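Student: Coordinates for the following, if possible.
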Amino acid sequence: MRAQFWWRVLAVSLSALLAVGVVAPLEAMAAPAATQSARVLYWLDGDTVVTTAGTVRLIGVDTPEKNECGAGLMQSRARKFAPTGSQVRLVDPSSVQDTDRYDRLLRYVVRGKRDLGTRLIKLGAQARYDSRTGYDWHPKQAKYIRLDARHSLKGCEKPTFFAGTGSQSPVGWNCPRSAPIKGNQGSNGWIYHLPGQAYYANTNPEECFASESAARAAGYRRAKV
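Tutor: As a prediction, the model looks like this:
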């Protein structure tokens, strides 16, 4: 009985480590990544590029959308990393599905020994769309998460206040310390997430609140997990 108990503990611990990207799936460790060369045609934004091999969405990285703070910076740095006409290597890890729901190729973009995803996260891009939230585990996941925790998006640090709501604007994808509660207006309704809740780190907030009462007054309900 004692042996069965410890085997269960080990299995649960391994599952938890897999979820946060500390340990790789065994099948992914065994299979090498495929690589192909392509020429850059143009960048749609910081994390999406059109190449001669097709439209590529970077794996595990999320940059601001158009008109959001930092979008221009991320796109310009991506263009600088791989200008129009330049040759890049598109790396396809075996653990990641070939395309996303928009039929974009899911790849790392590499020039020489440099990985674009690493570069963008060091500039403040977010590590997202990985095994923590139901997407595929990828080989650079643990590295991306570590970098994301250490770097913020330059030029987007100062929050602004929304008059009459008691809320503040996000700082990049994060909330300022003075208002750490994240309010998210998603398909499941207006929900607020507290620091320490399961999906807090992966929530992209529209508003930030200093108290739960302020979040509820603005029309949000508390996340169940």
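
Student: mind checking which helix or strand of the protein has the lowest mean pLDDT?
Tutor: One helix or strand of the chain scores below all others by mean pLDDT, DSSP states H and E: strand 161-162, with a mean of 45.

Student: per the record, what domains does this structure have?
Tutor: With automatic domain parsing as the criterion, the domains of the chain are listed as 27-150, 161-222.

Student: Mean neighbour count added to those, as JSON lines?
Tutor: The C-beta positions use only the backbone N, C-alpha and C, and glycine is treated the same way. Shown next, in JSON lines, are the domains of the chain (neighbours: other C-beta atoms under 10 Å):
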{"stretch": "domain 27-150", "mean neighbour count": "18"}
{"stretch": "domain 161-222", "mean neighbour count": "17"}
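
Student: ok, of these, where does mean pLDDT dip lowest?
Tutor: Mean pLDDT per stretch puts domain 161-222 lowest among the domains of the chain, at a mean of 81.

Student: then the top strand by length along the chain to PDB, C-alphas only?
Tutor: Longest strand of the chain, by residue count under DSSP state E: strand 34-45. Output of strand 34-45 as PDB, limited to C-alpha atoms (Å, rounded to 0.1, in the frame of the first residue of the first chain):
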ATOM      1  CA  ALA A  34      12.400  19.500 -38.300                       C
ATOM      2  CA  THR A  35      14.000  22.500 -39.900                       C
ATOM      3  CA  GLN A  36      13.500  24.300 -43.300                       C
ATOM      4  CA  SER A  37      14.800  27.400 -44.800                       C
ATOM      5  CA  ALA A  38      12.600  30.200 -46.000                       C
ATOM      6  CA  ARG A  39      12.800  33.800 -47.100                       C
ATOM      7  CA  VAL A  40      10.900  36.600 -45.300                       C
ATOM      8  CA  LEU A  41       8.300  38.500 -47.400                       C
ATOM      9  CA  TYR A  42       6.900  40.800 -44.800                       C
ATOM     10  CA  TRP A  43       5.800  41.000 -41.100                       C
ATOM     11  CA  LEU A  44       2.100  41.200 -40.200                       C
ATOM     12  CA  ASP A  45       3.000  42.100 -36.600                       C
END
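
Student: Number the chain from 29, please
Tutor: Renumbered: residue one is now 29, and that last one reads strand 62-73.

Student: Mind listing residues that contact it?
Tutor: For strand 62-73, contacts defined as C-beta atoms under 8 Å, 6 or more residues apart in numbering pick out 77-81, 83-84, 91, 93-94, 99, 102-103, 106-107, 110-120, 122.

Student: which is the next helix or strand following that strand?
Tutor: Using DSSP states H and E, the helix or strand that follows strand 62-73 in sequence is strand 76-79.

Student: and that following strand, what other elements does it pack with?
Tutor: Here strand 76-79 touches strand 62-73, strand 82-86, going by 3 or more C-beta pairs under 8 Å, 6 or more residues apart in numbering; DSSP states H and E.

Student: Quick one: name whatever helix or strand follows the least confident helix or strand of the chain.
Tutor: Sequence order places strand 195-196 as the next helix or strand after strand 189-190, per DSSP H and E.

Student: Output the contacting helices and strands for that following strand.
Tutor: Under the contact criterion of 3+ C-beta pairs under 8 Å, 6+ apart, strand 195-196 touches strand 189-190, strand 235-237.

Student: let's see 6 Å
Tutor: Packed against strand 195-196, as judged by 3 or more C-beta pairs under 6 Å, 6 or more residues apart in numbering; DSSP states H and E, are the following elements: strand 235-237.

Student: just how off-centre is the strand it packs on within its chain?
Tutor: How far strand 235-237 lies from its chain's middle: 20 Å, per C-alpha atoms, centre = their mean, to the nearest Å.
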